[in-house]
Every structure is written in C-alpha cells, then in structure tokens.
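J.: What follows is a protein structure lacking sequence information:
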C-alpha cells in the first residue's frame, strides 16, 4: 500500500503535459493523435480513454478547432489536453464557456495552453503535498474524504464563477 501511495505522490509531482514547444511539430493523423494523448495526462486505467468519436464531438461542439484536412497539430493537442482534463469535472457547455472566456482575453493558443499547464501543475503539486505515503491504511478513507470534499468545494466555486461568466458570453453573441 505504501508503494501505491508513493507512486501516486511521485506521479502527481512529476508527470506533466508536454510544454507547447515540445508538442510534436508535425501534423498527426487521428490514430497518431489518439496514441499520443495518453502521454499528456496522468491515467491509472483505460476508462475514459480518448477516442476518435470523442475528438470529432469536441470539434463539433467548438471546443477544439477543425483539423487541417485530416491532420492535427500542436493547437489540437493543446486544446484536447485541456478538454480531456476538464471533462472529468465539467460539462461540455461549461468547458465551452471557460474556453470562450479565455479567447475573449485575446490570448494565443500557446498562451492559453501555458496558463492551463501552470494551473494544472499548481493543482497537482498541491494535492501531492497532501499525500503521505506512510499514512496508515486505517487513515486512507479520511484522506479520500478530505480530497473529495476539497473537490466538491472547488467545483462549487467553479460552477458559480462559470454561471457568472456565461451570461456575459451570451450578451457578447447577441447583436
């Protein structure tokens, strides 16, 4: 058990998405994109693995730009990394509102991706610090509860902030 906790802590402290400048600079076909994406985020199993159908839906929903032909570049990898992570806690509508707010700041995709990566780094590091690999098994449920309650509080605040942002986004769309 201590090994599993240490592995969790180590991965949360060390594994990060590739920085923008290290994303593949050649365009990828869908199967290459799908095989590259698991390197971007921490995963412990194959549940919720990215599929080509999911990529196509994210494009239809406007979360990810359309491919150039059938080829995907760094911009697609950047957006998909953010969408796949955020999809764990937000609806497609909320992710869209969040991304629209980011675009409204007139930041380039590399700048937006950099901000996302810094926020993810901070969150992963903060959570990793709360994990004690020497924690007795009897205290694991308490730690899991504390993490779940923190997730609830963060999601509650996030949902409220998004509800404040969304009316502003809707006003911008109306002529």
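T.: Structure's in. What do you need? This is a predicted model, so every value here is computed, not measured.

J.: Please name the residues that touch the residue nearest the centre of the chain.
T.: Residue closest to the mean C-alpha point of the chain, counted by C-alpha atoms, centre = their mean, is residue 85 at 2.3 Å. Applying C-beta atoms under 8 Å, 6 or more residues apart in numbering, we find residue 85 in contact with 41, 116, 120. In short, each C-beta sits where N, CA and C put it, glycine included.

J.: What subset of the residues you listed is buried?
T.: For the contacts of residue 85, a burial check counting by 16 or more other C-beta atoms under 10 Å picks out 41, 116, 120.

J.: between these, which is closest to residue 3?
T.: residue 41 (22.2 Å; C-beta to C-beta).

J.: what sits against that closest one?
T.: Contacts of residue 41 (C-beta under 8 Å, 6+ apart): 17, 81, 84, 85.

J.: Now, the residues you listed that are in helices?
T.: Among the contacts of residue 41, the members found in helices (DSSP state H) are 81, 84, 85.

J.: In TSV, list these along with distance to residue 139 and pLDDT.
T.: Shown next, in TSV, are those (distance: C-beta to C-beta, whole Å; pLDDT from 0 to 100):
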residue	distance to residue 139	pLDDT
81	33	97
84	31	95
85	28	95
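
J.: Can you tell me which of those residues is nearest residue 108?
T.: Set against residue 108, the nearest of those by C-beta to C-beta is residue 81 (15.8 Å).

J.: on that earlier part again, can you tell me which of the contacts of residue 85 is nearest residue 50?
T.: For the contacts of residue 85, the closest approach to residue 50 (C-beta to C-beta) belongs to residue 41, at 9.5 Å.

J.: Kind regards, and thank you for your time.
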